[in-house]
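Novice: Return atomic coordinates for the entry below.
(chains A and B)
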Amino acid sequence: MNGRVLIGAAAVALSLLLASSAAAAPHGKGTPKGRLAARGYHLYGEYCLSCHGANASGKESAPANSIGSGPYRTQQRQRGIAPSLQGVGALAANFYLRTGYMPLAHVGLQPRRQPQQLSDGQVRALVAYIASFGGPKIPRPQPWRGNLSQGQALFTEHCAGCHQVVAQGGYVTNVIAEPLRVPGMDARTIAEAVRIGPYIMPTFTYKALSERQLDSVIRYVLWAQKPHSPGGWGIDFLGPVPEGLVTWFIALPLLIGFCLVLGRRLRT
Amino acid sequence: MSRFRNAVVSGLVLLLGRGRPRPEKDPSRIVPALPPNPAAELAVLALLGLSALSALGFVLVYAFADDLPAQNQLLGLTIGGAFIFLAVALIVVGLKLVPTEEIVEPYPPFEHPGEQQVLAEVLEESGSRFSRGGLFKLGLLGAGGALGLALLTPAVSFGPLFQVKQFLSTPWRRGRRLVDETGKPYKASDIEHDNFYLAFPEGTPDQGREQMGASLIVVRLPPSTLRLPPGLRDFPADGGILAYSRICTHAGCAINMFRSPLFQPDEPRPAFVCPCHYSTFDPATGGTVIFGPAGRPLPMLPITVDGKGYLRAKGNFDEPVGPSWWGVRMYRPNP
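Specialist: From the prediction side, this is the model:
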């Protein structure tokens, strides 16, 4: 009895699966050939399909009222849901899944760094599936080949505007520039982010920033994880001007107050 | 050798042979003579020595211990110790070695008790010749105010109040090429989508970095997204390369943030953001302010592509560069 129900359910599920893949077939190529990519194809259906659409083609022209603004929606005006993933390659898939940016909790939120949400095997399978549409491979940066001082100069010019000079992160109008001084930051993640330009970050192509220059930038960011500190309260390496503010507006009043207390006790 | 021994012995005698109290009664003294306090003296000497050692320690840490992990703390400990030992030494001197005796001397009585009343009366009556007190006060106020104004006038030199001509000239001229911070000229093909580039005028010393009107921020946008006002339609080069002054029109900071949305439905349009007060400018509409305290659009530079593909200026900015001042809209930069 139970077995019959199970078989029936499996048949229904299989037919649904076949029907969905048959429906998707005209738009793309359906189940990819490789075993890993095929597993990724099913995971894609589980985690990504509802936003990124069939065959990773994206949902960019959904009418605004198809989403609306519910109790958990932060974005009121929404013309599209998610971009196409065709051609973004293994690079982007690996970046978004390993940083925990994706799967996103709610459409319209800025993806923020959090623990990786899928297992390593699932990530590999999804990356293989997205890579089957073509696109750049996962980069292999070699930060030890880079030049630290050149990296600092490049970082100051291209990145520090938003990420602060020791990669502390910061704010841009309406969004947060992610801090890069976080546990587990690694060279590959930085290289991927620079090449993608996630969310509102500018995109740096190989022409704008060569591989060697990127190595230097990565070396600087990795150095900035633990910059040289001469001791004391570094106020998070925000720089000499905030340090001066602390001196003038916190340390100096404290000292003056101390002097006043001393003077009062001796006077009586 | 014997001379050296003599020196050592005499030095020791000098140092140690002072402990003997010398009973000395001098009736002419004001401060009563107290017996010496060798223990306190020794303590003071020791404290002064510690202070000197701490100060020398500061010098050593500053000069040689550059790579210590806690250099700042050591510097603070040594210099603070020097001050604290010095202070304690002085306290010991004050409490133990300097005789303290309070001598009270009473104030003399007032000599002319009646004269105070007379003085007050004189003051009261001498104002009776002024029949128009209000006018007099007004005159005083006028003189004082004018004097204050005269003293404040030099402050005008701090900023432009009447002389704004210097802000209307920039190094940009027709035909001047755009170069990067190393002096390498930009080609139109160097400017890619979704990135931003800093540009300077060619042929100015150090890329004209000292001049406010020199630095540019250059982006390429899809031509279909441009909604430039009529006067700026021919300012972009190659369809979508736009060059703006990098100096925010609010407080004159250098713009160094570019919002470049990867997926436009989520984060609508590309924008420049100033790091000081988050003024946000829309490059697609001629640098108009879409957020923040800036009061006027970012000045735009007309550019073109020459025969060899290099970016060149077509003239000067459409508006005065830099932070705004009263009447900024009445001026146009020199052509």
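
Novice: Next, the residue lying closest to B:His277 once chain neighbours are set aside: phi, psi?
Specialist: Using C-beta to C-beta, 6 or more residues apart in numbering or on different chains and skipping residues adjacent in sequence, the residue nearest B:His277 is B:Pro293, 5.2 Å away. In short, each C-beta sits where N, CA and C put it, glycine included. The phi and psi values for B:Pro293, taken as degrees, to the nearest 10, are phi -80, psi -10.

Novice: mind listing what B:Pro293 touches?
Specialist: B:His250, B:His277, B:Ser279 (C-beta atoms under 8 Å, 6 or more residues apart in numbering or on different chains).

Novice: Repeat that for A:Trp233.
Specialist: A:Trp233 touches A:Val246, counting by C-beta under 8 Å, 6+ apart.

Novice: How much space separates it from A:Glu243?
Specialist: Distance of A:Trp233 to A:Glu243, computed by C-beta to C-beta, to the nearest Å: 9 Å.

Novice: Does A:Ile81 touch A:Lys59 like I think?
Specialist: Yes: here A:Ile81 reaches A:Lys59: they are 4.2 Å apart, a contact under C-beta atoms under 8 Å.

Novice: Comparing these two, which shows the higher neighbour count?
Specialist: Each of A:Ile81 and A:Lys59 has its neighbours counted (other C-beta atoms under 10 Å in any protein chain shown); A:Ile81 has more, 21 against 18.

Novice: Any regions of the chain where pLDDT drops low?
Specialist: The chain I'm using is chain A. Low-confidence segments of chain A, defined by pLDDT under 70: A:1-30, A:61-80, A:265-268.

Novice: Correction: the question concerned chain B.
Specialist: B:1, B:17-27, B:158-162.

Novice: Which residues of it lie near chain A?
Specialist: Within chain B, the residues that sit near chain A (C-beta under 8 Å from any C-beta of the partner chain) are B:68-74, B:76, B:181, B:190, B:192-196, B:198, B:256-267, B:271, B:273, B:275, B:278, B:280, B:291-292.

Novice: hmm, 6 Å instead?
Specialist: B:70-73, B:192, B:194-196, B:256-263, B:265, B:267, B:273, B:278, B:280, B:291 (C-beta under 6 Å from any C-beta of the partner chain).

Novice: Next, residue 203: secondary structure please.
Specialist: Picked chain A for this. The three-state assignment at A:Thr203 reads coil, by DSSP: H, G, I helix; E, B strand; the rest coil.

Novice: I was thinking of chain B, sorry if that wasn't clear
Specialist: Going by three-state DSSP: B:Gly203 is coil.

Novice: residues near the nearest residue to B:Gly76 once chain neighbours are set aside, how many?
Specialist: Excluding the flanking residues, the one nearest B:Gly76 by C-beta to C-beta, 6+ apart is A:Gly232, at 7.5 Å. If you count neighbours by other C-beta under 10 Å, A:Gly232 ends up with 13.

Novice: picking that back up, only whichever of the residues of chain B next to chain A are buried, select them in PyMOL.
Specialist: To isolate the buried members of the residues of chain B next to chain A in PyMOL, using 16 or more other C-beta atoms under 10 Å in any protein chain shown:
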select buried, chain B and resi 71+72+192+194+195+196+256+257+258+259+260+261+262+263+265+267+273+278+280
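
Novice: Which of the residues of chain B next to chain A fall within helices?
Specialist: Among those, the residues falling in helices (DSSP state H) are B:Gln71, B:Asn72, B:Gln73.

Novice: Name all residues that make contact with the second one.
Specialist: Shown here is B:Asn72, whose contacts under the criterion C-beta atoms under 6 Å, 6 or more residues apart in numbering or on different chains are A:Pro230, A:Gly231, A:Gly232.

Novice: Show me how chain B divides into domains.
Specialist: Taking automatic domain parsing as the criterion, chain B consists of the domains B:35-99, B:167-330.

Novice: now the strands: where do they sit in the chain?
Specialist: Went with chain A since none was named. A:170-172, A:175-177 (DSSP state E).

Novice: The chain in question should be chain B.
Specialist: Going by DSSP E, chain B shows strands at B:178-179, B:196-201, B:216-220, B:241-245, B:257-259, B:271-273, B:280-282, B:288-291, B:300-301, B:303-305, B:311-313.

Novice: Is it possible to get these out as JSON lines so that each row also shows distance to B:Lys165?
Specialist: Putting the strands of chain B into JSON lines (distance: least, C-beta to C-beta, whole Å) gives the following:
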{"stretch": "strand B:178-179", "distance to B:Lys165": "25"}
{"stretch": "strand B:196-201", "distance to B:Lys165": "19"}
{"stretch": "strand B:216-220", "distance to B:Lys165": "22"}
{"stretch": "strand B:241-245", "distance to B:Lys165": "18"}
{"stretch": "strand B:257-259", "distance to B:Lys165": "32"}
{"stretch": "strand B:271-273", "distance to B:Lys165": "27"}
{"stretch": "strand B:280-282", "distance to B:Lys165": "26"}
{"stretch": "strand B:288-291", "distance to B:Lys165": "26"}
{"stretch": "strand B:300-301", "distance to B:Lys165": "20"}
{"stretch": "strand B:303-305", "distance to B:Lys165": "25"}
{"stretch": "strand B:311-313", "distance to B:Lys165": "21"}
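
Novice: among those strands, which is nearest A:Gln110?
Specialist: A:Gln110 lies closest to strand B:257-259 among these, at 11.9 Å (C-beta to C-beta).

Novice: Quick check: neighbours of that closest one in the sheet, parallel or antiparallel?
Specialist: strand B:271-273 (antiparallel) (DSSP bridges).

Novice: and the strand it pairs with, how far from the chain's centre?
Specialist: 27 Å (C-alpha atoms, centre = their mean, to the nearest Å).

Novice: Same check on stretch B:201-217?
Specialist: On C-alpha atoms, centre = their mean, the centre of stretch B:201-217 falls 24 Å from the chain's centre.

Novice: With stretch A:134-142 instead?
Specialist: Distance, centroid of stretch A:134-142 to centroid of chain: 16 Å (C-alpha atoms, centre = their mean).

Novice: now the end-to-end length of it.
Specialist: In stretch A:134-142, first residue to last residue: 24 Å (C-alpha to C-alpha, to the nearest Å).

Novice: What are the contacting residues of that stretch?
Specialist: A:Gly87, A:Val88, A:Gly89, A:Ala90, A:Leu91, A:Asn94, A:Ala187, A:Ala191, A:Asp215, A:Ile218.

Novice: Tabulate these in CSV, adding columns for distance to B:Leu97 and neighbour count.
Specialist: As requested, those are exported to CSV (distance: C-beta to C-beta, whole Å; neighbours: other C-beta atoms under 10 Å in any protein chain shown):
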residue, distance to B:Leu97, neighbour count
A:Gly87, 87, 12
A:Val88, 83, 21
A:Gly89, 83, 20
A:Ala90, 82, 22
A:Leu91, 78, 22
A:Asn94, 77, 22
A:Ala187, 67, 20
A:Ala191, 71, 23
A:Asp215, 68, 21
A:Ile218, 65, 27
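
Novice: Next, the contact list for residue 250, please.
Specialist: Answering for chain A, as no chain was given. Under the criterion of C-beta under 6 Å, 6+ apart, the contact list for A:Ile250 is empty.

Novice: hm, I was asking about chain B
Specialist: B:His250 neighbours (C-beta under 6 Å, 6+ apart): B:Ser279, B:Pro293, B:Ala294.

Novice: ok, and the closest non-adjacent residue to it?
Specialist: B:Ala294 (3.9 Å).

Novice: Fine, thanks again, bye for now.
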